[in-house]
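Asker: here you go, sequence then predicted model.
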Amino acid sequence: MKKTLLIFCLLIFSSLFLYSENNIIFVDSDSTVNLNSKAIIADSQNIKLIYLYNQNTDRVLDVKLMDTFALVCDYYNGVHLFSVSNPELPRLLGTCDTPGTAIRMSLHEDLVNVADGLGGISVLTFRDPENPELYCTYPSYNGGTTYGIYTLNPSDENKALPIDIDSTETLHKQPFIFAAGGRDGLLIFNITNFNPMLMSQYYVPEGIPGIWVDKDVAYVLTYNYLTILDVSNKNKPVFIKQFYITDANHDLYLYEDYLYVCAGHGDMLIYDVKDRKNPIQVGMFDAAGPSIDVYVTGNRVFLASNEGGISVLDVTDKSHPKEIAYYRSPGFETRGIFAVGDYIYVGAQYAGFFVFKYSEPATEPIKRNAEEKMNNYSKINNSNFSNICFENDMSENGILSIYDLDGRFIYKNQNIELQRGFNTIKINKQTLKQGTYFWTIEKESGKVSGKLIIFGK
């Protein structure tokens, strides 16, 4: 009996190598991770978990790479810096706190420009990686929340030009920060001397979660629309056009002549922007969860879709994106994604900072319709709750209502206490059947709405 038990144990450990330091987990396994003595089963294909850091993390919302360093936005905890010279064994070098809540970031030379929530813009320096510093800040312009940020860097030969705020030609060659917020709208800063100087503001009547700038054209993604601006004169942005996409848009990424938009509650849209001022939709991918962040290189798209995990898409044919790899797990709510070579770096909200290894599929791309995706995910989702998440500008009370897709009233909670900043409302799955619903919250400052997907019970 003892011999049989010993052989069984050896077989188990030969298939799973795992050790931990505090809450840092290293794992070599295709499907199972043991985190804090709790088994987590993952539904995955062609992606393997390599590393997880979740030591006292808050809400990991964004990940960027700079040379052999990974930068991680961790909300109230500021920005972490990891050495990823060996991607399979990242090493935490330091953390830089910020005045607000680190949500998104953009890089400029050796500085990190952070969309710092109610803290406005925070500029960090990691010149000494083990002793990062807060270089300077620019508080929110009108008490709003800064959600998105983009740094427009000039060509190398123009970096040393002096500031001349009266010269449009000179301004065209300066580095700029485009900060996207709530009530502040779009703010444009000159950062030639590494000190943000406000140049102009363009008011948008709703929050701006995403922005991308290509030379003289800015794509401003609000919760319902994509607005296109001419920003050749940074002192005076000019409206070009605007069109409705859907509710609850999140982020966007421009690669070569195509714009990839995380639109609403699941779709990732592809636009042909050969004519930069006139996007034409050419493709769409229906993700397993709300599309939150996207990174593109070559003909591969890396998509973070909140509770839908991560997907790798082949977009050789832009009109028909094909999912060729994915990773999903309960509690794995992905918010930020970046990829270099075979490695995918992911920020997963409350779960931590992840590194995955991706392998090109040897078989045909995954073929699953939306119903099959939902059924597959429900097999592994053992959580009793689904989350409704959104930002709020003030502390107040609200009334939550939930409707089915036909608009029929299903559920109401008349006493929702909302905090200033990020809010999460947990919905017990026993309350609703598996399926898709719409929700609204009526509050003193206005009304918010979105889509809720119940995967399993």
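Answerer: Okay, I see it.
Asker: now do the buried residues in the helix or strand where V301 lies.
Answerer: Using DSSP states H and E, V301 sits within strand 300-304. Neighbour-count burial for strand 300-304, with 16 or more other CB atoms under 10 Å as criterion, is recorded at R300, V301, F302, L303, A304. Every C-beta, even on glycine, is put in place using the N, C-alpha and C of the backbone.
Asker: cool, stretch 289-301 as well?
Answerer: By 16+ other CB under 10 Å, the buried positions in stretch 289-301 come out as G289, P290, S291, I292, D293, V294, Y295, V296, R300, V301.
Asker: which residue packs closest to L221, ignoring adjacent ones?
Answerer: Counting by CB to CB, 6 or more residues apart in numbering, L221 lies nearest to G210, which is 3.9 Å off, once chain neighbours are set aside.
Asker: thinking again about what came up before, C-alpha coordinates for the following helix or strand past the strand holding V301, PDB please?
Answerer: Counting by DSSP H and E, the next helix or strand C-terminal to strand 300-304 is strand 310-314. Taking C-alpha atoms only, strand 310-314 is exported to PDB below (Å, rounded to 0.1, in the frame of the first residue of the first chain):
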ATOM      1  CA  ILE A 310      -7.000  36.100 -22.700                       C
ATOM      2  CA  SER A 311      -7.200  35.200 -26.400                       C
ATOM      3  CA  VAL A 312      -4.600  35.100 -29.200                       C
ATOM      4  CA  LEU A 313      -6.100  35.800 -32.600                       C
ATOM      5  CA  ASP A 314      -4.700  35.300 -36.100                       C
END
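Asker: elements contacting the helix or strand just after strand 310-314?
Answerer: Later in the chain than strand 310-314, the nearest helix or strand by DSSP H and E is strand 322-328. Contacts defined by 3 or more CB pairs under 8 Å, 6 or more residues apart in numbering; DSSP states H and E place strand 322-328 against strand 43-45, strand 47-53, strand 310-314.
Asker: deepest-packed of these, please.
Answerer: Using mean count of other CB atoms under 10 Å, the stretch among those with the greatest mean number of neighbours is strand 310-314 (a mean of 25).
Asker: adjacent strands (with direction) for that one?
Answerer: strand 300-304 (antiparallel), strand 322-328 (antiparallel) (DSSP bridges).
Asker: P361: neighbour count?
Answerer: Counted by other CB atoms under 10 Å, the residues lying close to P361 total 16.
Asker: doesn't it belong to a strand?
Answerer: No: P361 sits outside any strand when classified using DSSP: H, G, I helix; E, B strand; the rest coil, being coil.
Asker: that one and R300 touch, don't they?
Answerer: No: the criterion here is CB atoms under 8 Å, and P361 misses it with R300 at 11.5 Å.
Asker: quick check, G352 in contact with T57.
Answerer: Yes: shown here, G352 and T57 form a contact pair, counting by CB under 8 Å, at 4.9 Å.
Asker: which of the buried residues of strand 300-304 lies closest to I245?
Answerer: Ranked by distance to I245 (CB to CB), the buried residues of strand 300-304 are led by L303 at 16.4 Å.
Asker: nearest residue to the closest one other than its sequence neighbours?
Answerer: L303's closest residue in space is S311 (CB to CB, 6+ apart), at 4.6 Å.
Asker: what's across from the one you found in the sheet?
Answerer: Beta-bridge partners of S311, as defined by DSSP bridges: L303, Y326.
Asker: again, but for I399
Answerer: E442.
Asker: OK, contacts around it?
Answerer: K412, N413, Q414, N415, I416, I441, E442, K443 (CB atoms under 8 Å, 6 or more residues apart in numbering).
Asker: would you check how far apart it and C389 are?
Answerer: 18 Å (CB to CB, to the nearest Å).
Asker: also L118?
Answerer: Distance, L118 to C389, by CB to CB: 17 Å.
Asker: the more surrounded of those two?
Answerer: Between L118 and C389, counted using other CB under 10 Å, L118 has the larger neighbour count: 19 against 15.
Asker: give me the beta-bridge partners of N190?
Answerer: Applying DSSP bridges, one finds that N190 bridges with F176, M197.
Asker: heads up, I number from 860, so please use that
Answerer: Happy to do that; since the first residue is 860 now, the last one works out to N1049.
Asker: looking at it now. What's its pLDDT?
Answerer: The pLDDT attached to N1049 in the predicted structure is 90.
Asker: isn't it right up against F1035?
Answerer: Yes: counting by CB under 8 Å, F1035 is a contact partner of N1049 at 5.9 Å.
Asker: anything in contact with each of the two?
Answerer: M1058, K1093.
Asker: name the helix or strand of the protein that has the lowest mean pLDDT.
Answerer: None of the helices or strands of the chain scores lower by mean pLDDT, DSSP states H and E than strand 876-880, at a mean of 36.
Asker: so the residue nearest to L1080 sits against L1111, correct?
Answerer: Yes: counting by CB under 8 Å, G1069 touches L1111, with 4.8 Å between them.
Asker: common neighbours of these two, please.
Answerer: Going by CB under 8 Å, 6+ apart, residues that sit against G1069 and also against L1111 are L1080, C1121.
Asker: mind listing what the residue nearest to I1300 when sequence neighbours are not counted touches?
Answerer: In space, and not counting its chain neighbours, I1300 is closest to G1257: 4.5 Å by CB to CB, 6+ apart. By CB under 8 Å, 6+ apart, the contact set of G1257 is I1275, L1277, I1300, E1301, K1302, E1303.
Asker: re the thing from before, run a quick neighbour tally on the residue nearest to L1080.
Answerer: Using other CB under 10 Å, G1069 is surrounded by 25 other residues.
Asker: how much space between it and G978?
Answerer: Counting by CB to CB, the gap from G1069 to G978 is 19 Å.
Asker: which among the contacts of I1258 count as buried?
Answerer: I1275, I1300, K1302.
Asker: show me this protein divided up by domain.
Answerer: Here the domain parsing of the chain from automatic domain parsing is 861-1236, 1242-1313.
Asker: for those domains, which one ends up most surrounded?
Answerer: Comparing those by mean count of other CB under 10 Å gives domain 861-1236 as most buried, with a mean of 19.
Asker: helices of the stretch 1010-1159 of the chain, start to end?
Answerer: With DSSP state H, counting those that start in this stretch as the criterion, the stretch 1010-1159 of the chain has helices at 1027-1030.
Asker: let me see the backbone angles for the closest residue to A1147 other than its chain neighbours.
Answerer: Counting by CB to CB, 6+ apart, A1147 lies nearest to G1167, which is 3.3 Å off, once chain neighbours are set aside. Backbone torsions for G1167, taken as degrees, to the nearest 10, come to phi -80, psi 0.
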